[in-house]
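K.L.:
Next one to model:
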Amino acid sequence: MRDGGCLIRRLRPEDNLVELTRLIHAAYAARLAEGLRFVGTHQSEETTAERIAGGYAFVAIGDGRLIGTVTARPPMPKSSAPLYREPRTWSFSQLAVAPECQGRGLGRRLHDAAVELALQHGATTMALDTAAPAQRLIALYGTWGYRIVGRADWRPTTNYDSVLMARPIAADNAKECS
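P.N.:
Numbers count the residues shown, from 1 in each chain. Take a look at the predicted model:
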């Protein structure tokens with residue numbers, strides 16, 4: 001799907017995970033500068049591949065290069081977070097937009113692609129987790145319809161308490177991504 005001058009598509013085997021991991025690091029650098037050690041601030045290429053393998057990754061391509069990504073994840077029966085174990089709850093992770101492209105709606109378009117995929121698989125709820133101290137992110141997700149529904153602690157992988165956020169999704173309230 002082409003939107004706003006960039007192409008959003010599913011990750012392909014030939015896509016470069018080194019480049020994708022660098023993009024994620026760059027996108028999360030501001031969080032690290034705030035003292036928040038998101039997984040995206042330090043993950044290896046192997047971790048990027050593992051996180052992608054647990055779901056369905058989308059990438060945004062602009063000017064011939066990767067400028068964004070998100071991974072939509074189906075229910076995770078072995079998750080320590082009960083929300084992620086619910087059979088009709090999908091989630092998204094490693095939402096990342098190149099710093100020079102942030103603030104233009106690309107993150108929302110990537111999110112919407114993840115929601116559309118979840119809907120196609122019968123999901124009724126979309127969920128995420130983020131750092132409890134990341135009030136700007138929590139507020140942003142609030143404008144997307146998410147509400148805090150719980151807490152999680154992923155330490156030592158991160159260095160903060162997390163909030164779990166969720167919103168109902170349905171075919172009639174998903175933003176079309178065509």
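
K.L.:
would you list every one of the helices in this structure?
P.N.:
Secondary structure of the chain (DSSP state H): helices located at 17-33, 45-53, 82-85, 106-120, 135-143.

K.L.:
just these: most buried one?
P.N.:
Per residue and on average, the most neighbours among these fall to helix 106-120, with a mean of 21 (mean count of other CB atoms under 10 Å). For every residue, glycine as well, the C-beta is placed using N, CA and C.

K.L.:
what angle separates that helix from helix 17-33?
P.N.:
If you take axes from the mean of the first three to the mean of the last three CA atoms, to 10 degrees, helix 106-120 sits at 120 degrees to helix 17-33.

K.L.:
Quick one: list the elements packing against helix 106-120.
P.N.:
Other elements packing on helix 106-120 under the criterion 3 or more CB pairs under 8 Å, 6 or more residues apart in numbering; DSSP states H and E are strand 6-10, strand 56-62, strand 65-73, strand 89-97, strand 125-131.

K.L.:
Can you lay out the ones you listed as CSV showing mean pLDDT and distance to residue 83?
P.N.:
Conversion of the helices and strands packed on helix 106-120 to CSV gives the following (pLDDT from 0 to 100; distance: least, CB to CB, whole Å):
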stretch, mean pLDDT, distance to residue 83
strand 6-10, 95, 25
strand 56-62, 97, 19
strand 65-73, 97, 12
strand 89-97, 97, 6
strand 125-131, 97, 5
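
K.L.:
out of these, which comes closest to residue 38?
P.N.:
Smallest distance to residue 38 across the helices and strands packed on helix 106-120 (CB to CB): 6.7 Å, for strand 125-131.

K.L.:
burial measure for residue 126, as a count.
P.N.:
The tally of other residues near residue 126 (other CB atoms under 10 Å) stands at 24.

K.L.:
so what's the nearest residue to residue 36 once chain neighbours are set aside up against?
P.N.:
Taking CB to CB, 6 or more residues apart in numbering as the measure, residue 36 lies nearest to residue 131, with 4.9 Å between them; neighbours along the chain are not counted. With contacts defined as CB atoms under 8 Å, 6 or more residues apart in numbering, residue 131 is in contact with 31, 36, 38, 137, 158, 160, 161, 162, 163.
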